[in-house]
Every structure is written in C-alpha cells, then in structure tokens.
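Visitor: Pasting the sequence and the predicted coordinates here, then a few questions.
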Amino acid sequence: MKLYYYTLLIAIVLIGCKKDNTQSNGDYAFIGGEIINANNNFVVLSKSNSTIDTIKLDGNNRFIYKINNLQAGLYTFKHGGEFQMVLLEPKDSIMFRLNTLEFDESLVYTGEGAKKNNYLIDEFLRNEIEEKKIFKYCQLSAEAYQKEVDSLKRIKLKKLKKFKNKYDTSELFNKIAQANIEYNYYFNKEIYPFVHYGHNKNDILDSLPKDFYSYRKNINYNDTFLKDYFIYNTFLRWNFSNIALAEHYKHSKDNHFKSSDVCYNLDRLALIDSLVTDNQIKEDLLHHYTISFLNKSKNEKNNNSILKYYTSVSSNSKGKEMITRYANALNNLKIGSSFPEIKLIDTNNSETSVNAIINSPTVICFWSQTYYDHFKESQHKIYELSTKYPEVKFVVINVDNYGLNSALNALKRNSFSLKNQYQFKNPEASRENLAIYPMTKAFLVDKNHKIVNSKTNIFARNFEEQLLGLINR
C-alpha cells in the first residue's frame, strides 16, 4: 500500500509540473518526500544560508513543495538536526524517502532529476567510507600516499564519465560532480601533514614531492558558486591550516607543532584576510577559526590577541559583537569561579536553577535536536559514566527553544532516562552566558559550585581522569 501511495504521489507531481508548464513561463521545481521515524513535524528548505520555507509534514510524515522562480543550484533540506543537499534545476520534480535512524544511508530519490541526485548522494557516502582508508594511507611516505589518492581520483573520474555517457547531464551537474572529485582530492592532499603520525611537521613538509601541491595555483579562494558546498569549505579550512603551517615554520624555532600556538593561529587569520575577498567565505573562515581558538585556549592574553586581530579584519559587525560577548563569557567562566545562576525547567515543568541542584561533584553537559547524532551518543555516554561513577551527578540540559514537550518526546522516543534532564528557561541568554560552543562542551563543578573545568568534553580520552580528580577534591 505504501509503495502504491508513493508511486501515485510522484505521478501527481509530474502531472502538476506539466500543467504548470502551460500556465507559467517561470522556472520552478517540486520537491517532496516521506520521512520514516520523523524527529519533528517539519522540514526546513534553504539555499545559500537563507531559509526558503519551513514545510510542515502531514499525518503520514510526507510533504510536497513547489519552488517558484527557481534559481538552479544546490539546496539544503534539514530535519531533526540532520541535513543533506539536493541539486534542483528547472522542471525537476524530486521525491525522496529516508529513515532518520540512518539519514544519509537510507536517502533515495525518485522522479524527474533523481538520477543526478542519487549519483551525488552515492559519491557523498563513498567519500565517507573512503575517509577511513585515507587516514591509514596518511602513514605512508608522501610518494606512496600520492599514488593511492591519484588512483582513487582516477576511479571517480572514470565513474563520472560513464554516468555522463549514459545520461543526458546538464552543465550544472557536470560542474558540481567534477568539483566534488577535484576538491575531495585536494582535501586528501591537504590533510596529509596533519594526519601523518610524525611529530615534526616541518620535516614532513620538507619531504613532500615538489609537485605535491601543484594544484594550488589553480585554486579559486572566492568561488561564489561553490561557497555553500560542503567539500569546498572543508578543503578551504584544511588548506589554510596547511599553508599557515608552512608560514609558521618560517619564523618558529619549535619543530614540534602545536595547533594551539597563538602565533600559528594569527598566521592563519592573516592568510585568510590576504587571499579571500568574497565576504561570506572570508567571514565564515575568520569566524570559524577565531571561535575555535577561543573555545580551546585557557590563556586570556592569547585570547585577547586573537580577538583583537579578528575584529580588525572582519567587516561583520554582528559577528564581531557575538564573538566579543563569547570571549567575555569565557573570561567569566574561569577555573575557581562560581557557576552562574542559570534558571532551568525540570521534566515536571517546574522552575529551578543549576546551583539549586548541585550538591555533589557535578558534570553539566548539553544537547540539542539540531545535533541529533551528538544527542544520541552523549545520552548513551552519560548513562555509562553515571553508572560507573555514582558519586558524580550528571546534569543534562537541552538548549533548544522548541518547548519542553519537544525535548521530552525526543528523550522518550529514544528510550532515554529522564533523570537529571532539564531545559533552559531562557535558552538564548543561557547559551550565551555559558558560551556553549561547541555542543560537546561540558563543565566540571565541585559541590561548592566552583568551576573546576569549563572546557571539557565527555568524549575526551582523559575525561575519566578528570572525573577522578573532581571526586578527590
């Protein structure tokens, strides 16, 4: 019955497309789908970081949506913290079906425009599998590594050529598919010095063949077409980290590279400022590296140096204000400081506060439905740790602004315990006061409400050592 309904749905959309074609000269496309094990009742459709619409699912967790005045290109659909991209061109009528328990792996497209998108999602999944091989290959010599990644690239180019010969592909698809192969190859090259087990990164850079980074002369650091594409942005981040490494060694006497070195991070920001002129690409990179540094650093002087440089080169006034507030919040969360008085809502919808429930060594961690994988993994980890360390209290706070019932439904749907689960009463202000970035962040607080660690992570390799230190204070 489900198969019949789904086939009928596609037919209706296709017929609708033909009717619209006689009534309008404007470009348009249809997108629709069915979501199994839906996490909420809506899908968010966006393009270039701008939301097009929030589309409500029907009683069977299905939807159909028409995009008028279509701008051909990559669109993003989000559901329950997961997202994926879809290529839409005029007159496409794409339907998809996915299961949130295996979001990317279960995603299948049907309808007009499906073949190109099934090709792209297949490449996305292959790249994820390939990544494990790449990390192993990174331990090879540079020459051997280059042969392996060159071979992987040839296989992908051969597959793309076969696909293009079989189907009548558009120039837009060809450009995206080719860029996907090229930038994934470039990404593989850029990570080599960092993933290689050698501690002396300078020696690794010196050992590279002269043509190892020959493609860099053709890199467009301001590609407005690809600026919303995941692999392009991932490449840019590693590329700037890599060229900053070479720049850093020109004036650093320490051969044992530390990514936390303030000088290295300033070099990276300076390179971004000098090479990137597109405002969105530049601001995204500056923001990413500035906030990442601030989140990891415990040196206020270094934090101020990074913040000062960032504010001098950024033109995003809102971004500068946000990161300045973030830095100030971090300064208020130093070791030995009292944990802020943050209001919470418990699972019975009663108001309380963090300090009112701290009466023993405590771990405070967070989750959001926007980061659904982290939500599930962290809940399992917290159960494991709380069982192993019963003397430690684990306070788990949902940071979303969707209401208590939404959080409770997510917990119950996954059969997670409601013990010590809370939600912020004022999510936006609380997230800012506690400088919650990234979502994996956790606090260690002693029984006297004093902060022992404000930048830890329950998945850190030494986290249990930190717990023992907290218990023995």
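Guide: That came through, no problem. No experiment lies behind these values; they were computed from the predicted model shown.

Visitor: average pLDDT for stretch 208-219?
Guide: Stretch 208-219 shows a mean pLDDT of 94.

Visitor: ugh, wrong one, stretch 456-473
Guide: Average pLDDT, stretch 456-473: 94.

Visitor: just how off-centre is that stretch within its chain?
Guide: Once both centres are worked out by C-alpha atoms, centre = their mean, to the nearest Å, stretch 456-473 turns out to sit 26 Å from its chain's centre.

Visitor: Over to stretch 311-329?
Guide: On the basis of C-alpha atoms, centre = their mean, stretch 311-329 sits 21 Å off its chain's mean C-alpha point.

Visitor: Tabulate the CA atom coordinates of the longest strand seen in the chain in CSV.
Guide: Counting residues, the longest strand found in the chain (DSSP state E) is strand 28-36. Extracted in CSV, the C-alpha atoms of strand 28-36 (Å, rounded to 0.1, in the frame of the first residue of the first chain):
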residue,chain,number,x,y,z
TYR,A,28,10.2,26.1,-10.9
ALA,A,29,10.7,22.7,-9.3
PHE,A,30,8.9,20.4,-7.0
ILE,A,31,10.5,18.7,-4.0
GLY,A,32,8.7,16.3,-1.7
GLY,A,33,9.3,13.2,0.4
GLU,A,34,8.5,10.8,3.2
ILE,A,35,10.4,10.7,6.5
ILE,A,36,10.4,7.5,8.5
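
Visitor: worst-scoring helix or strand of the protein, pLDDT-wise?
Guide: The weakest-scoring helix or strand in the chain, judged by mean pLDDT, DSSP states H and E, is helix 2-23 (a mean of 44).

Visitor: rewinding a little: what pairs with the longest strand of the chain, parallel or antiparallel?
Guide: Applying DSSP bridges, strand 28-36 is found paired with strand 62-68 (antiparallel), strand 93-99 (parallel).

Visitor: okay if I get those as TSV plus distance to K318?
Guide: Heads up, the C-betas are built off the backbone N, CA and C, glycines and all. Converted to TSV, those look like this (distance: least, C-beta to C-beta, whole Å):
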stretch	distance to K318
strand 62-68	28
strand 93-99	34
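
Visitor: Pick the most buried one from those.
Guide: Among those, ranked by average contacts under mean count of other C-beta atoms under 10 Å, first place goes to strand 93-99 (a mean of 22).

Visitor: ok, then the element right after it?
Guide: Note on strand 93-99: by DSSP states H and E, the next helix or strand toward the C-terminus is helix 103-106.

Visitor: who touches that next one?
Guide: The contact list for helix 103-106 (C-beta atoms under 8 Å, 6 or more residues apart in numbering) reads I36, E82, Q84, R97, L98, N99, I121, F124, L125, E128.

Visitor: The same query, at a cut-off of 6 Å, please.
Guide: Contact partners of helix 103-106, identified using C-beta atoms under 6 Å, 6 or more residues apart in numbering, comprise E82, L98, N99.

Visitor: got it, and stretch 206-225?
Guide: With C-beta under 6 Å, 6+ apart, stretch 206-225 has contacts from A142, Y186, L275, V276, T277, D278.
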